[in-house]
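Engineer: What follows is a predicted structure for the sequence shown.
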Amino acid sequence: MNRFSRSRVQRRLRSLAWLEALNVPLQAAIWFGVLGLPVTAGNAAGFALFALLLLEGAGYWSAKLRQIATRDRFLPGRRAFEILRRGNVAVLAVGLLFVAGTVVVDPGIGSWPGLGFGLFAVLEHVNYFHVQLMYDTAEDLRHLRSHGLRRAHLARDLVLHEERAAHRVRGDER
């Protein structure tokens, strides 16, 4: 089978979507249940930022799967992702300021993990909307070693849409 066959790509996208969505309750159970982190305002706020970005990732992989299945030129839900790309910055900034405030007021296990979750959410935002930070396949690792970081898949999809829209406006659609 070709490593880029439609069925193989669809299986990969399906697993990415499910794993991102599954990670929300799984991580909550591990951190707050098994490890017993206290559910404080700081920890809950940081975890909420983290969960939000994981769900956005699941949404993206699901949309990409739908795009491939329907052979659509544009990513389904692209306008929502364009809004999220900008809106996340404000949500993450406000959330991180809140969590940082809890660290200042009461440093310790009731606040530091929340800051960690919030910072991880920022990395997830960068990973989805700007630069790919996750390299989990041999091909990804080869690309990283030979070419360095690459633009995130979602960022490429949004830029592709913007470029096609600009060509339509100018009347030179491809």
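Structural biologist: Received the coordinates, thanks.
Engineer: Tell me who's in contact with residue 57.
Structural biologist: 16, 20, 124, 128 (Cβ atoms under 8 Å, 6 or more residues apart in numbering). Where C-beta positions appear, they are placed from N, C-alpha and C, glycine not excepted.
Engineer: Tell me which residues of the helix or strand hosting it come out buried.
Structural biologist: Using DSSP states H and E, residue 57 sits in helix 41-70. Buried residues in helix 41-70, counting neighbours by 16 or more other Cβ atoms under 10 Å, are found at 42-54, 56-65, 67.
Engineer: doesn't residue 56 make contact with residue 84?
Structural biologist: Yes: in this structure, residue 84 is within contact of residue 56 by Cβ atoms under 8 Å, at 5.8 Å.
Engineer: centre of the chain versus stretch 66-84, how much separation?
Structural biologist: For stretch 66-84, the gap between its own C-alpha mean and the chain's C-alpha mean amounts to 15 Å (Cα atoms, centre = their mean, to the nearest Å).
Engineer: hmm, back to that, mind putting the contacts of residue 57 into TSV with distance to residue 142 and secondary structure?
Structural biologist: TSV is the format used below for the contacts of residue 57 (distance: Cβ to Cβ, whole Å; DSSP: H, G, I helix; E, B strand; the rest coil):
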residue	distance to residue 142	secondary structure
16	19	helix
20	24	helix
124	24	helix
128	22	helix
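Engineer: could I get those residues as a markdown table with distance to residue 93, neighbour count and pLDDT?
Structural biologist: Below are the contacts of residue 57 laid out as a markdown table (distance: Cβ to Cβ, whole Å; neighbours: other Cβ atoms under 10 Å; pLDDT from 0 to 100):
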| residue | distance to residue 93 | neighbour count | pLDDT |
| --- | --- | --- | --- |
| 16 | 27 | 20 | 94 |
| 20 | 23 | 21 | 96 |
| 124 | 15 | 22 | 96 |
| 128 | 17 | 27 | 95 |
